[in-house]
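Next come a sequence and a model predicted from it.
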Amino acid sequence: MTQTDQNQAKKTDNDKEVTALFVRSRPKSFIRAGITFNDAGFGVAVDALSKEQIKSIRDEKLLVVEERKMKLGELHIKPKPAEKGEG
């Protein structure tokens, strides 16, 4: 695979959409579920989080949470890679 092919494949991967939480903190920064959030906000792939982390983030009043589709290239925390044999 040439460098051009690799760059194109990476660009294509970055354009894939996944379900994500866009999270921003009401204070300048705030830690929940092992993640430091900031007041600018960023995307976290839902597949990168456990059910407990999702609940903890959604239930926190100091975080503003919005579920949306986001491109992989826009995410701060990307999905976990698939295990060998999956998919």
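Sure thing, it's come through.

What residues are bridge-paired with residue 71?
Residues in a beta bridge with residue 71, per DSSP bridges, are residue 17.

Am I right that it is in contact with residue 12?
No: using Cβ atoms under 8 Å, residue 71 is not in contact with residue 12, being 10.8 Å away. All C-beta spots, glycine's among them, are computed from the backbone N, C-alpha and C.

which parts of the helix or strand hosting residue 58 are buried?
Counting by DSSP states H and E, the element that carries residue 58 is helix 51-59. Neighbour-count burial for helix 51-59, counted by 16 or more other Cβ atoms under 10 Å, picks out 53, 54, 56, 57.

picking that back up, so between residue 71 and residue 12, which is more surrounded?
More crowded of residue 71 and residue 12, by other Cβ atoms under 10 Å: residue 71, with 14 against 10.

Show the pLDDT at that one.
On pLDDT, residue 71 comes in at 96.

what's near enough to touch it?
By Cβ atoms under 8 Å, 6 or more residues apart in numbering, residue 71 lies in contact with 14, 15, 16, 17.

thought the second one was touching residue 73?
The one in question is residue 15. Yes: here residue 15 reaches residue 73: they are 6.8 Å apart, a contact under Cβ under 8 Å.

What about residue 44, how many residues nearby?
24.

which SS class is it?
strand (DSSP: H, G, I helix; E, B strand; the rest coil).

was I right about it contacting residue 79?
No: Residue 44 is beyond contact range of residue 79, at 9.6 Å (criterion: Cβ under 8 Å).
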